[in-house]
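compute the structure for the input listed below.
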Amino acid sequence: MLGRFYFILILTWLCLVKLNGQLPYIVPYTQIPEELKEIWHDAESGNTYLITVDRLCILKSSDFRCKVLGLGKDLMYHNQTFDHSNRSPIFLGNYGEFYHIENERLKLKSFPTKFPNAAIYEENGNTWVADYQIYKYSEDRIDTIPVIMNSELPYWDIRQQTNGDLWFVNYASGAYKVNPKSNVIKRVSNLNGLPTNFLSCLHINDKDQVFVGYKGGVALIYNDMKIETFNFQTHIGNAVIKEIESDGNGNLWLITDKHLCTLNLETKELNVIPTNKSDDFIIHTLDYNPTQDVMLIGTSHGLFISSFEGNYYHGQSLYSTGSMYYFAGELLISGKRDVYSFSSKKQQFLPSNYRAIRQSFRNTDGNYWVTDKRNVILIDRENAKVIKKLRKPVSKLNQIVELNGVVYMCHDKGIYARKNRRTTSLIRESEPFFNVLACADKTFAVSEEGIYLIEGSEIHHESVLEHSSSMLRTNKQFFIDENSMFIPAKNYLIKVDCKGDSIKFSHYPTLEEIYDFHFQDEKIYILHSNHLLVYDKEAFIHDPYNASCAIPCLADENSKIFVDEEANIWIQNKQGLASIDVGQDKICNILRVDGLSEELESEESTEDLDVQKDTIAPSISNTFLPFWAILLGGVVLLILLILLIFRLMK
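Residues are numbered from 1 along each chain as shown. This next block holds a predicted model:
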């Protein structure tokens with residue numbers, strides 16, 4: 001997911017945005033990478049319709065994936081295409097024709113007139129069309145409701161209140177409220193207190209409040225005598241508010257071409273959410289999906305999904321690169337100069353008086369090794385005390401682990417061992433080493449290419465793995481029971497069984513490259529580029545392809561995961577730090593991740609899916625015909641074709 005677009009990029013912050021504040025967790029939806037112009041969520045069915053530059057898609061709540069219903073190029077690309085409050089979507093074609101959905105197909109809707117610049121709304125058997133006038137089509141008549149039209153092209157938005165009143169806004173002549181029974185119309189304009197008559201959008205929330213957008217702000221229309229305005233020009237300039245939506249958390253979401261904002265209606269506080277600053281990036285639309293409690297955002301770079309189930313921290317490099325660790329019972333994150341402590345009550349990182357560190361590594365006993373400029377320090381996670389302090393042999397380390405009284409420090413050219421107050425180079429000028437593990441009364445070193453036995457002060461030169469392996473730099477080892485542990489490679493997890501004098505390896509291939517790995521409280525966490533997969537340990541050992549939870553994310557080879565004492569998952573990438581409660585089913589079920597076992601069941605028996613002992617993940621050549629077979633078949637066909645041509649020539 002990371003390849004196309006990083007939705008949350010480092011940007012220039014406005015003074016109101018809180019550096020420590022939490023923002024929605026936003027990630028891309030990779031099945032719709034093309035430009036997305038319109039989104040309409042049907043609350044009754046739970047389905048969501050999306051218009052891209054190429055297709056009309058439906059996302060079903062039970063299966064959150066795109067199913068193509070028709071060609072998007074046949075539909076108009078602006079906010080007049082249909083109204084979000086309709087019980088069934090109506091689409092406007094490029095030549096003013098109307099379309100609707102029938103049996104999951106895009107069908108032409110019979111209508112007496114074409115309206116190439118209209119907004120459409122249906123209620124109680126009536127079809128309302130806002131063009132140069134407002135038209136009401138019923139079974140036996142057409143009513144024309146005259147309005148003031150000050151623009152060359154009509155640009156309308158339509159919504160309905162629960163009492164039945166319809167609201168229309170126009171980008172020139174203000175807002176109109178129409179009684180659908182009597183057709184009585186009332187205009188609200190700058191004469192009533194609106195800052196401008198050039199209204200760009202309209203929204204009615206679940207409290208029946210009427211909001212209108214314009215350049216640089218939003219107005220709340222209580223009635224024609226009372227209007228409250230919100231001026232955002234210090235944050236978004238004179239950018240036009242294109243669309244307004246509500247979420248399930250008391251916020252208004254606002255978009256312009258370049259801005260994505262949330263307005264807390266209780267505190268009146270505006271948060272500007274980071275967006276891509278490239279010239280070709282445009283935000284087109286958004287809509288709220290209450291079934292899964294997510295906001296869907298359509299942009300020139302595809303569909304993005306935002307959820308308040310997770311929090312996002314941004315604005316300082318410490319969130320994207322800082323080390324996380326526990327000390328004295330506090331969850332800390334350290335930048336180059338400052339250390340912040342996380343307040344679970346305020347859901348914020350607050351400044352602390354602790355000294356900054358450079359790296360942190362979780363020790364086998366749960367305490368943490370940290371480094372500063374000169375030292376390696378073992379700190380107590382529960383108490384404010386230093387357990388051990390050593391001189392750091394190299395500036396950057398890959399892992400620190402203490403086994404049987406020896407402290408091993410892995411780095412990019414070998415391993416240092418500290419024993420009896422003496423530091424020696426166990427191996428030098430070698431390949432990068434990532435970890436050291438103890439298993440079956442033996443000690444092994446994990447390097448970039450394999451796992452090697454350590455005997456005394458020497459390392460064997462032959463890997464104990466039967467096949468070459470590309471091990472993970474962020475290599476962590478976790479005992480999952482008394483006799484076995486997991487260690488990560490780039491494309492699979494290795495289960496190491498330690499019994500007596502023997503050591504055995506089992507490989508658990510993954511569908512995608514692994515960026516980080518964690519084990520805690522019988523849960524396995526595997527970080528990939530576009531999602532974090534969470535497994536129950538026993539279920540993973542039985543079938544490593546069906547996760548209990550798939551959390552969408554943005555990740556690369558430098559991303560890290562951290563799981564705190566409350567089982568909250570922290571995902572760190574170059575844009576910031578996300579915190580997610582894995583117990584929230586909604587965040588787990590936003591995107592469905594296909595398991596390998598599901599894909600192969602039609603071709604292979606379930607017996608073929610057993611974990612392979614002492615083998616790495618099967619290559620593509622194992623699941624398709626071998627190349628030599630394809631080549632041989634092609635040669636045979638060519639010979640037969642030549643013989644046939646020769647025979648016909650006779």
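
off-centre distance for stretch 106-120?
36 Å (Cα atoms, centre = their mean, to the nearest Å).

what number of residues lie near residue 346?
11 (other Cβ atoms under 10 Å). In this view, the C-beta of every residue, glycine as well, is placed from N, C-alpha and C.

does it lie in a helix or a strand, and which?
Assessed by DSSP states H and E, residue 346 sits outside every helix and strand.

what do you get for residue 539?
Going by DSSP H and E, residue 539 is in helix 537-542.

helices or strands next to that helix in the packing?
strand 523-527 (3 or more Cβ pairs under 8 Å, 6 or more residues apart in numbering; DSSP states H and E).

who does the strand it packs on pair up with?
strand 516-520 (antiparallel), strand 531-536 (antiparallel) (DSSP bridges).

quick one: list the elements packing against the lengthiest strand in the chain.
In the chain, taking DSSP state E as the definition, the longest strand is strand 302-313. Packing partners of strand 302-313 (3+ Cβ pairs under 8 Å, 6+ apart): strand 23-29, strand 36-41, strand 294-299, strand 576-581, helix 585-588.

between those, which one is nearest to residue 441?
Closest approach to residue 441 among the helices and strands packed on strand 302-313 is made by strand 576-581 (39.4 Å; Cβ to Cβ).

what about the closest one, average pLDDT?
Mean pLDDT, strand 576-581: 84.

span of stretch 268-277 from start to end?
With Cα to Cα, to the nearest Å as the measure, stretch 268-277 spans 26 Å from end to end.

can you pull the buried residues of that stretch?
270-276 (16 or more other Cβ atoms under 10 Å).

among these, which one sits closest to residue 242?
Nearest to residue 242 out of these is residue 275 (Cβ to Cβ; 13.3 Å).

just say helix, strand or coil for the closest one.
With DSSP: H, G, I helix; E, B strand; the rest coil as the basis, residue 275 sits in coil.

quick one on the thing from earlier: next, the angle strand 36-41 makes with the longest strand of the chain.
Between the axes of strand 302-313 and strand 36-41, defined by axes from the mean of the first three to the mean of the last three Cα atoms, to 10 degrees, the angle is 70 degrees.

what's the angle between strand 302-313 and strand 576-581?
Using the same axes, to 10 degrees: strand 302-313 against strand 576-581 is 80 degrees.

which other helices and strands contact the helix or strand following strand 302-313?
From strand 302-313 onward toward the C-terminus, using DSSP H and E, the following helix or strand is helix 317-321. Applying 3+ Cβ pairs under 8 Å, 6+ apart, we find helix 317-321 packed against strand 330-334, strand 568-573, strand 576-581.

which other helices and strands contact the second one?
Looking back up the chat, that one is strand 568-573. Using 3+ Cβ pairs under 8 Å, 6+ apart, strand 568-573 sits against helix 317-321, strand 531-536, strand 560-563, strand 576-581.

so where do the helices sit in the protein?
233-236, 317-321, 537-542, 585-588, 596-600, 620-623, 627-649 (DSSP state H).

for the ones you listed, which has the smallest mean pLDDT value?
If you rank the helices of the chain by mean pLDDT, helix 620-623 sits at the bottom with a mean of 25.

and residue 209, how far from residue 217?
16 Å (Cβ to Cβ, to the nearest Å).

out of these two, which sits in the busier spot?
More crowded of residue 209 and residue 217, by other Cβ under 10 Å: residue 217, with 19 against 16.

quickly note the distance from the closest residue to the more buried one other than its chain neighbours to residue 546.
Computed as Cβ to Cβ, 6 or more residues apart in numbering, the closest residue to residue 217 that is not its neighbour in sequence is residue 231, at 4.8 Å. Separation of residue 231 from residue 546 (Cβ to Cβ): 51 Å.

the more surrounded of those two?
Taking other Cβ under 10 Å, residue 231 and residue 546 do not tie; residue 546 has more neighbours (17 against 11).

the more buried one touches residue 533, doesn't it?
No - between residue 546 and residue 533 there is no contact under Cβ atoms under 8 Å: 9.4 Å.

show the end-to-end separation of stretch 406-415, please.
Length of stretch 406-415, first residue to last, Cα to Cα: 12 Å.

tell me the mean pLDDT over that stretch?
Averaged across stretch 406-415, the pLDDT comes to 92.

how about it: buried residues?
Under the neighbour-count criterion of 16+ other Cβ under 10 Å, stretch 406-415 has 406-411, 414-415 buried.

out of the residues you listed, who's nearest residue 136?
For these, the nearest to residue 136 is residue 410 (75.1 Å; Cβ to Cβ).

the nearest residue to residue 310 once chain neighbours are set aside pairs with what?
Spatial nearest neighbour of residue 310, excluding adjacent residues (Cβ to Cβ, 6+ apart): residue 25 at 3.2 Å. In this entry, residue 25 is beta-bridged to residue 307, by DSSP bridges.

in this structure residue 25 contacts residue 313, no?
No - applying Cβ under 8 Å, one finds residue 25 not in contact with residue 313, separated by 10.3 Å.

give me the common contacts of the two.
Contact criterion Cβ atoms under 8 Å, 6 or more residues apart in numbering; residues bridging residue 25 and residue 313 by contacting each: residue 578.

for residue 340, grab the count of nearby residues.
Neighbours of residue 340 (other Cβ under 10 Å): 23.

who's in contact with it?
Applying Cβ under 8 Å, 6+ apart, the residues near residue 340 are 20, 318, 332-334, 349-352.

what of residue 560?
Residues near residue 560 by Cβ under 8 Å, 6+ apart: 324, 474, 516, 527, 571-572.

list the beta-bridge partners for it.
residue 572.

pLDDT score for it?
91.

now stretch 533-549: buried residues?
Neighbour-count burial for stretch 533-549 [16+ other Cβ under 10 Å]: 533-535, 537, 540-541, 543-547, 549.

could you dump those residues into a markdown table and include distance to residue 374?
What follows is the buried residues of stretch 533-549, written out as a markdown table (distance: Cβ to Cβ, whole Å):
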| residue | distance to residue 374 |
| --- | --- |
| 533 | 39 |
| 534 | 38 |
| 535 | 40 |
| 537 | 39 |
| 540 | 41 |
| 541 | 43 |
| 543 | 48 |
| 544 | 42 |
| 545 | 46 |
| 546 | 47 |
| 547 | 42 |
| 549 | 42 |
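
of these, closest to residue 165?
Distance to residue 165 across those (Cβ to Cβ) is lowest for residue 549, with 43.8 Å.

give me the neighbour count for the closest residue to residue 205 other than its chain neighbours.
For residue 205, ignoring the flanking residues on the chain, the nearest one in space by Cβ to Cβ, 6+ apart is residue 246 at 4.3 Å. Residue 246 has 20 neighbours, counted by other Cβ under 10 Å.
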